[in-house]
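Asks: only the shape, not the letters, is given here:
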């Protein structure tokens, strides 16, 4: 099945599920599409027990989609740019300390704490996964997913300062998380003796620092070009070229494409919006990128629901996944509490901020994509990690996503 066939099927299913959700179910669009996709997948699996050829066809279709390639090397660039485009830079600067702590120290703590606890849980259940691969699991589950967070926060009704904390962290922490993930995968594959502190520092500076610098340069060039004309057709095209070409350039030079797109999006959404766009251009660029965001989110959450076809579930691994849900939340709570406590002497925080930061730390497609990117040489460890990751992601999006708004309302009502 070629690319156009796959795209046609995914767009058709996304549109159909979005219609069903809007017409009858009325959940937030992304969550509704994912849950309908998940239910439809389970129904097809059940039907496949009686009609094996039907199950084989559906499994073959899902297996033909490279989730990691589709998200990490295609969709993510547009989604991050669209999300950053609407973040107020002044507000983000005011939250920069907690965003920086959560996106660096918080991710690191979560990686090692969740990975270590996962190792002991797997061992108790008789699931044999080397400690190095458990740390890889900790790294891929540590970052909150900017795509899932941005989609759900739109309807959560959080105060602007709190929304900026959660959004800012989610936009930046995936860059740190991916670097840690890559280092740990290297250790798991080749052994700790082949990885040095200097190589880790080099990778981090090259990927994260280089990505930020590239985003600044490309964002500035695009800003100056936007400033020199007043034609919204051309200006929309320039932003599209910035994202498409800029992300591929970052990937070519092994820089952090996600961080580059976040920085470029912040520049275009703030400096360019204020100084280089007419009102008509602002309206059209916002409309264009909101549409891109909605379409790609719909496809992404559809894919998450369909991925169940290629997973190999077993009782011990399912139990491990269920046990690691509260573990990941507890570690998230601890890292959030440490960040708020460290900064509490210098500023005031919204009452209940730790609870909201914990519950708002939603995992999504990025974690699934990184789990799928684990080398097949990892053997059963890859299969087990993928299943556990999927269980945590489904819980995170469905349960945390659906209850975040009510948690925020109840917490703020106690003030």
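Replies: In hand now; what should we look at? Every value quoted in this text rests on a predicted model; they were computed, and no experiment measured them.

Asks: stretch 177-196: which residues count as buried?
Replies: Residues of stretch 177-196 classed as buried: 177-188 (neighbour count, 16 or more other CB atoms under 10 Å). For every residue, glycine as well, the C-beta is placed using N, CA and C.

Asks: can you lay out the residues you listed as CSV showing distance to residue 119, pLDDT and secondary structure?
Replies: Shown next, in CSV, are those (distance: CB to CB, whole Å; pLDDT from 0 to 100; DSSP: H, G, I helix; E, B strand; the rest coil):
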residue, distance to residue 119, pLDDT, secondary structure
177, 19, 86, helix
178, 22, 83, helix
179, 22, 79, helix
180, 17, 87, helix
181, 17, 91, helix
182, 20, 85, helix
183, 18, 84, helix
184, 13, 91, helix
185, 16, 92, helix
186, 19, 86, helix
187, 14, 88, helix
188, 12, 92, helix
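
Asks: and which of those residues is nearest to residue 12?
Replies: When the buried residues of stretch 177-196 are compared for distance to residue 12 (CB to CB), residue 178 wins out at 31.8 Å.

Asks: so which residues of the stretch 251-400 of the chain form helices?
Replies: For the stretch 251-400 of the chain, the helices defined by DSSP state H, counting those that start in this stretch cover 257-267, 273-275, 279-306, 315-343, 353-359, 365-372, 380-395.

Asks: want to throw the ones you listed into CSV with distance to residue 170 and mean neighbour count?
Replies: Formatted as CSV, those follow (distance: least, CB to CB, whole Å; neighbours: other CB atoms under 10 Å):
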stretch, distance to residue 170, mean neighbour count
helix 257-267, 10, 28
helix 273-275, 21, 13
helix 279-306, 14, 19
helix 315-343, 12, 18
helix 353-359, 11, 22
helix 365-372, 10, 26
helix 380-395, 14, 22
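
Asks: residue 116: which of those helices is closest?
Replies: Using CB to CB, the nearest of the helices of the stretch 251-400 of the chain to residue 116 is helix 315-343, at 10.0 Å.

Asks: what about that closest one, average pLDDT?
Replies: Helix 315-343 carries an average pLDDT of 95.

Asks: okay, the angle between it and helix 380-395?
Replies: Interaxial angle, helix 315-343 versus helix 380-395 (axes from the mean of the first three to the mean of the last three CA atoms, to 10 degrees): 60 degrees.

Asks: care to break the protein down by domain?
Replies: 3-63, 67-413 (automatic domain parsing).

Asks: ok so, going back, list just the nearest of the buried residues of stretch 177-196 to residue 353.
Replies: residue 177 (21.9 Å).

Asks: hmm, the closest one is touching residue 138, no?
Replies: No - counting by CB atoms under 8 Å, residue 177 does not reach residue 138; the two are 9.9 Å apart.

Asks: any common contacting residues for the two?
Replies: Here residue 177 and residue 138 have residue 111 as joint contacts, going by CB atoms under 8 Å, 6 or more residues apart in numbering.

Asks: where do the strands sit along the stretch 51-200 of the chain?
Replies: Using DSSP state E, counting those that start in this stretch, the stretch 51-200 of the chain contains no strands.

Asks: for it, give me the ranges with low pLDDT.
Replies: Residues of the stretch 51-200 of the chain meeting the criterion pLDDT under 70: 154, 192-196.
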